[in-house]
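Enquirer: 3D, please:
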Amino acid sequence: MLNRNNYISIAFLILLAIACNNQQSNKPEPTDTMTSGSVKIVVDESYFNLFQTQIYTFESLYPNADIQPTYLPESDALNRLMMDSCKVVIISRDLTSSERKTFEANNLFPISTKIGEDAIALIVHPDNPDSTLSEEDVIKILSGKDSVWSQINKNSTLGKLQIVFDNKGSANARFMKDTLLKGKEFSSNVFALESNPAVIEYVAKTKGAIGFISVNWISDNDDPKVQEINKKIKVLAVSKGSSAPVKPEQSHIKEKDYPFTRSIYMINRQTRAGLGTGFVSFVAGEKGQLMILKSGLIPGFPPERKIKIKY
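Expert: Next comes the predicted model:
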């Protein structure tokens, strides 16, 4: 038999359930659509140039859309996606199985879309006499087996190698460590600045430096800013196995002749047809893919080329 205390407890639970339901019903519904509203995204700083153009074009086509980008290193981008501080991230890898399990544990199922391919470029001062390296040379440089330029070129007088990345948590550093060093630590003469442009400026002023940057910063040869950068630095050609050394140019990225190529992903945690989903669809669509092609990178979905034949 229920006593007075039992009735009070049941009544309290009923009131609590009603309050929770009211809170849920009072929670404002999302108002963004595929082409309107606002959404926060985080872009790996490697793709600043590309996504400034993508966002500008999208918002020009859809004036009621407000894409709010933040440009951060890869590790910070993923943290924000996990914490729901943004709905979409653009990085140079897909989610790991462990990361997916973390989302799934919270009943979230992010969608990954491969939108293109790029590469990591190795840059040096224009006065550096070396213009080519092998993949094995790069392994020795990053691991510390080679610490002075004369170990690479016995005639070099540049002295100690100064190896510089854009950021400790960057995709560039993570890719080179995972791919070449199999997760082992870099040598003590490897250090990081705060951005790709900072690496470019450092190399432009330091004859003994070798910098690792995203090729997107130097790939669009029609861009006046890129033309100015390419006057200040020299891009190295790198050989893969027994192949001839090649630079990270569009054709060599496409054919994987250049060793340090990678994919670009947009990862969307938005579970409805909102603005985040609309922007991913745009970048993966014809207009977005043409912009990737124009930027000197490789589209994930190559635009169709239509040819009219007159008889």
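Enquirer: dig out what Ile267 forms beta bridges with.
Expert: Val89, Ser112 (DSSP bridges).
Enquirer: quick one, helices of the protein?
Expert: All helices of the chain, identified by DSSP state H, fall at 4-26, 48-61, 74-82, 97-105, 135-143, 171-180, 196-205, 224-232, 250-254, 275-284, 286-294.
Enquirer: give the contact list for Ser170.
Expert: Asp44, Glu45, Ser46, Pro73, Glu74, Ser75, Ala192 (C-beta atoms under 8 Å, 6 or more residues apart in numbering). Bear in mind the C-beta positions are built from the backbone N, C-alpha and C, glycine included.
Enquirer: switch to 6 Å and redo it
Expert: Listed by C-beta atoms under 6 Å, 6 or more residues apart in numbering, the contact set of Ser170 reads Pro73.
Enquirer: please tell me how far it sits from Glu286.
Expert: 31 Å (C-beta to C-beta, to the nearest Å).
Enquirer: likewise Ile90?
Expert: 19 Å.
Enquirer: identify the residue nearest Ile298 in space, chain neighbours excluded?
Expert: The shortest distance from Ile298 to any residue that is not its chain neighbour, by C-beta to C-beta, 6 or more residues apart in numbering, is 4.0 Å, and that residue is Glu117.
Enquirer: so where is the stretch 151-300 of the chain shaky, pLDDT-wise?
Expert: Within the stretch 151-300 of the chain, not a single segment meets pLDDT under 70.
Enquirer: mind doing that once more with 80?
Expert: 271 (pLDDT under 80).
Enquirer: circling back: wait, which of the helices of the chain is closest to Ser36?
Expert: With C-beta to C-beta, the closest approach to Ser36 among the helices of the chain belongs to helix 275-284: 6.9 Å.
Enquirer: ok now that closest one, how far from the chain's centre?
Expert: In terms of C-alpha atoms, centre = their mean, to the nearest Å, the centre of helix 275-284 is found 16 Å from the chain centre.
Enquirer: which elements pack onto it?
Expert: strand 37-44, strand 111-124, strand 261-268 (3 or more C-beta pairs under 6 Å, 6 or more residues apart in numbering; DSSP states H and E).
Enquirer: more neighbours: Ile90 and Glu286, which one.
Expert: Taking neighbours as other C-beta atoms under 10 Å, Ile90 and Glu286 compare with Ile90 leading, 26 against 12.
Enquirer: quick check: the more buried one touching Met266?
Expert: Yes - if you go by C-beta atoms under 6 Å, Ile90 and Met266 touch, sitting 5.3 Å apart.
Enquirer: who touches stretch 255-264?
Expert: With contact meaning C-beta under 6 Å, 6+ apart, stretch 255-264 is reached by 92, 114-120, 135, 175, 238, 240, 246, 248, 252-253.
Enquirer: with just CA atoms, put it into PDB.
Expert: Once non-C-alpha atoms are left out, stretch 255-264 reads as follows in PDB (Å, rounded to 0.1, in the frame of the first residue of the first chain):
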ATOM      1  CA  GLU A 255      49.100  10.900 -60.300                       C
ATOM      2  CA  LYS A 256      50.700  10.500 -56.800                       C
ATOM      3  CA  ASP A 257      54.200  11.000 -58.300                       C
ATOM      4  CA  TYR A 258      54.900  13.500 -55.600                       C
ATOM      5  CA  PRO A 259      55.300  11.600 -52.300                       C
ATOM      6  CA  PHE A 260      53.500  13.900 -49.800                       C
ATOM      7  CA  THR A 261      50.000  14.000 -51.200                       C
ATOM      8  CA  ARG A 262      46.800  13.700 -49.000                       C
ATOM      9  CA  SER A 263      43.100  14.000 -49.100                       C
ATOM     10  CA  ILE A 264      40.900  16.900 -48.000                       C
END
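Enquirer: report the buried residues of that stretch.
Expert: Residues of stretch 255-264 classed as buried by neighbour count (16 or more other C-beta atoms under 10 Å): Asp257, Tyr258, Pro259, Phe260, Thr261, Arg262, Ser263, Ile264.
Enquirer: tell me which two in those residues are the farthest apart.
Expert: The span of the buried residues of stretch 255-264, defined through C-beta to C-beta, is set by Asp257 and Ile264 at 18.7 Å.
Enquirer: quick revisit: got the helices of the chain as a markdown table, with distance to Gln151 columns?
Expert: Output for the helices of the chain, formatted as a markdown table (distance: least, C-beta to C-beta, whole Å):
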| stretch | distance to Gln151 |
| --- | --- |
| helix 4-26 | 65 |
| helix 48-61 | 34 |
| helix 74-82 | 31 |
| helix 97-105 | 38 |
| helix 135-143 | 8 |
| helix 171-180 | 17 |
| helix 196-205 | 19 |
| helix 224-232 | 26 |
| helix 250-254 | 26 |
| helix 275-284 | 43 |
| helix 286-294 | 38 |
